[in-house]
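Asker: sequence and computational prediction follow.
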Amino acid sequence: MSTKDFTANVISATKVVPDGNFKDSKASGIWDINEALDLIKGGNWPNVANLNPAAFVDGLFQTHLYEGNGGTQTITNNINLSGSGGLVWIKNRDDSYGNTLTDTVRGGGFYLESENNGAQPTSAATNNITSFNSNGFSIGNRSDINANANSHVSWTFRKQPKFFDVVTWTGSNFGGGRQISHNLGSVPGIIIIKRTSAVSAWYTWHRSTPNSYYTLDEADAENTSNTKYYFGDGTNVVAPTSTEFTTQTNNENGFTYVAYLFAHNNNDGGFGELGDQDIIKCGSYTGNTSGTEVDLGFEPQFVMIKKSSAEESWYVYDNMRGVVTGGDNSQDKKLRWNSAGAEGAVPSPIIAFSSKGFILESTDNEINGSGTYVYMAIRRGGMQTPTTASSVFSTSTATQAFSNTSLAPSTGFPVDMGLHKVRNSGAGWRIGSRLTGKHFLRTNSTNAQGDSGTDVSLTWDHMDTWGPDASGDSSASMSWWNWKTARGYFDVVAYTGTGSARTVSHNLGVVPEMIWIKRRDSTRDWGTGFGSLGWTKRGPALNSNEQAYTVSTWWNDTAPTSSVFTVGSSATTNASSGTYIAYLFATVAGVSKVGSFTQSGATNVDCGFTGDTPSLIIYKRTDGGGNWHIYDSARGIVAGNDAYLLLDTTGNEQSSDYIDPYSGGFATTSGVTNGDYIFYAIAATS
């Protein structure tokens, strides 16, 4: 389902009104503007907010982190398992418990372990998954999935054409191969078959090696000797189709079986707001070249890699547990689907996620030695344009000890970029991202990223918080500002410079209106760019109170597009071999606003918001000197004095009457110096 459906058959004499939930319906026929507006006002016209969750990867897959409690708990991941069905794959990260696979077809009490060739329980376990819910699942006290004080990860796959399917059958033992029907709606990329009623290997087929098979419970290389029995008719290997696959050995009379089918999208996925996006890829590559980028056409959040040409484990990486792009990868975390072993840290850079795929950072044999590899990759979330600010932004304050528990209060979403400041001391700012892990930068400084000594590292290994991870002040007044990546709103891109003009891919989906760039491996100003200033100018450095200047080497005099931005030869944005982080911002109606205004006495700035005062306001003068002011609703935006901080200094919080509430945006008072300004605002979150 996509917005294309909403305009299908629009030239028609018969008008079709959307159905009651507007999720899968068409508004076809010829409507005049007044009729359409009437439906829009009544909330009865299809729009982005009404798109079916199945159109986006967020509603089909999630890596969810949780702490075990040894009792019962409910995992809320916003995946509809009770209505649509699917698979929950859980691993205890801290101890040697099995990879537990439980699906809605066999039922929550019947589990299998991917590193174990054993059968499922003969009777339903009451302490495994106790219910599949419309927004996740509930679990019992089985130690493999809920050991007290242990960290766990769950990967949830919802059934959906062109993404994932679960099939079960009872063997019939008739001659030749048996055709097993499925509802994947496309030719599978991976098929995993397991006999559930007796001991048997996990037989696995991958589209990139169609005449071979693997065993998921072992590290063995691909096997070509018996594929015709497991994925064929006993005489030949039979290629799976969009409706069925063939097996002979996995059809013994009276035994029960389950198959998990994962799709491969090849520019035909049909997901996203425009119905033209892929979300899952199953492919292969040849190893032994450091720095190779496997081009998926999207940024992944999850990658499984298996060496096909030699013995090697089934390695799994995801952005929630940690995949750091550029720099020290010691915090990257790997699990193995063929092992009950606890989670391990990657000792040196091995893999990184990019805006269009994943990068093999070394020639380590696990994922990039001499030979061939197969993989499965799933797209990062945030495909849908947000309709509420609270789903993609939060701000909060707290007074607490600056210690290992100095995490942001719960945000309600996984944080992709965070900004932090101790307001009652001269400590510098900290800004970091999930993509770059514990490394952070300071908006008030030209320094390279830091993570040791007197600096404070960051932790991201949480579902709805992040923060500094070291000791410091015994009592500090802190503020956090938290962003989630989302189409049309915000994106984070890590890249390596080339020294000459180039384009950098991004996944914002619209033209960026504001870009912040910082070189991570060396001292350098923060580069900024703004659509309102034009891309022949360098915006004011984030660490400076300077004005904007005309310069061609930052952006190469080239405006960004909805898929790339251009950088020139300046070391601020593109030094040869330099590592960079870029933050991209855009306007979303009713959610965020990037713009400009001219101050001439008191000025009303209309952001197009409704409801209460904005949750965030940042402004900076561009035609003369002036600081980067930041205000937020957590500290208060009122008619009178307001608390503010300056992004370009380490100074304590100050208070003055520079801004006031204004319907639809904010107002500047006559205390603000006359001149030209850029601003960024986010609507109220509550």
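Answerer: Received, thanks. Numbering: from 1, shown residues only.
Asker: quick check: which ranges of the stretch 451-600 of the chain have low pLDDT?
Answerer: 451-456, 469-475 (pLDDT under 70).
Asker: how about the helices of it, start to end?
Answerer: Taking DSSP state H, counting those that start in this stretch as the test, the helices found in the stretch 451-600 of the chain are 571-574.
Asker: and Tyr229, that one's in a helix?
Answerer: Yes - according to DSSP: H, G, I helix; E, B strand; the rest coil, Tyr229 belongs to a helix.
Asker: dump the residue contacts of it.
Answerer: With contacts defined as CB atoms under 8 Å, 6 or more residues apart in numbering, Tyr229 is in contact with Thr247, Gln248, Thr249. Backbone N, C-alpha and C define where each C-beta goes, glycine included.
Asker: out of those, who's nearest Thr485?
Answerer: Proximity of the contacts of Tyr229 to Thr485 (CB to CB) peaks at Thr247, which lies at 40.7 Å.
Asker: name whatever forms a beta bridge with that closest one.
Answerer: Beta-bridge partners recorded for Thr247 (DSSP bridges): Arg178.
Asker: can you give me the neighbour number for it?
Answerer: By other CB atoms under 10 Å, 26 other residues sit near Thr247.
Asker: Gly625 too?
Answerer: 12.
Asker: excluding its backbone neighbours, what's nearest it?
Answerer: Using CB to CB, 6 or more residues apart in numbering and skipping the chain neighbours, the partner closest in space to Gly625 is Asn545 (5.0 Å).
Asker: look up phi and psi at that neighbour.
Answerer: Main-chain torsions, Asn545, degrees, to the nearest 10: phi -100, psi 20.
Asker: show me what contacts it?
Answerer: The contact partners of Asn545, by CB under 8 Å, 6+ apart, come to Gly625, Gly626, Asn627, Trp628, Asp648.
Asker: run a quick check on the fourth one versus Tyr644, I expect a contact.
Answerer: Pointing back at Trp628 there. No - with contacts counted by CB atoms under 8 Å, Trp628 stays clear of Tyr644, the gap being 10.1 Å.
Asker: looking at the two, which has the bigger crowd around it?
Answerer: Taking other CB under 10 Å, Trp628 and Tyr644 do not tie; Trp628 has more neighbours (24 against 20).
Asker: give the contact list for that one.
Answerer: Trp628 neighbours (CB under 8 Å, 6+ apart): Thr443, Pro540, Leu542, Asn545, Ile618, Tyr619, Lys620, Leu646, Leu647, Asp648.
Asker: let's go with 6 Å and repeat that
Answerer: Lys620, Leu647, Asp648 (CB atoms under 6 Å, 6 or more residues apart in numbering).
Asker: could you identify the buried members of those residues?
Answerer: Lys620, Leu647, Asp648 (16 or more other CB atoms under 10 Å).
Asker: check what pLDDT the closest residue in space to the first one that isn't next to it in sequence gets.
Answerer: Spatial nearest neighbour of Lys620, chain neighbours left out: Trp628 (4.8 Å); criterion: CB to CB, 6+ apart. Trp628 is assigned 98 on the pLDDT scale.
Asker: just Thr669 next, same as before
Answerer: Thr669 carries a pLDDT value of 97.
Asker: next: Trp45.
Answerer: pLDDT, Trp45: 57.
Asker: again, but for Pro18
Answerer: 60.
Asker: what does Ala398 give?
Answerer: pLDDT at Ala398 comes out at 86.
Asker: quick revisit: closest one of the contacts of Asn545 to Thr411?
Answerer: Nearest to Thr411 among the contacts of Asn545 is Trp628, at 23.0 Å by CB to CB.
Asker: so what does the closest one have for phi and psi?
Answerer: Backbone torsions for Trp628, taken as degrees, to the nearest 10, come to phi -90, psi 100.
Asker: how near is the residue nearest to Lys620 to Gly297?
Answerer: Distance of Trp628 to Gly297, computed by CB to CB, to the nearest Å: 36 Å.
Asker: please apply the same query to Ala408.
Answerer: Distance of Ala408 to Gly297, given as CB to CB: 33 Å.
Asker: and His182, by the same measure?
Answerer: His182 is 25 Å from Gly297, where distance means CB to CB.
Asker: cool, Asn116 as well?
Answerer: Asn116 is 35 Å from Gly297, by CB to CB.
Asker: now, the buried ones among the contacts of Trp628 that are in strands?
Answerer: If you go by DSSP state E, those have Lys620 in strands.
Asker: now, which of the buried ones among the contacts of Trp628 sits nearest Phe56?
Answerer: Here the nearest of the buried ones among the contacts of Trp628 to Phe56, counting by CB to CB, is Leu647; it sits at 32.7 Å.
Asker: who's in contact with the closest one?
Answerer: Contacts of Leu647 (CB under 6 Å, 6+ apart): Thr443, Trp628, Ile630.
Asker: what residues are up against the residue nearest to Leu533 when sequence neighbours are not counted?
Answerer: The spatial neighbour of Leu533 that comes closest, neighbours along the chain excluded (CB to CB, 6+ apart), is Ala548 at 5.5 Å. Neighbouring residues of Ala548 by CB under 6 Å, 6+ apart: Leu533, Lys537, Gly539, Pro540, Thr622.
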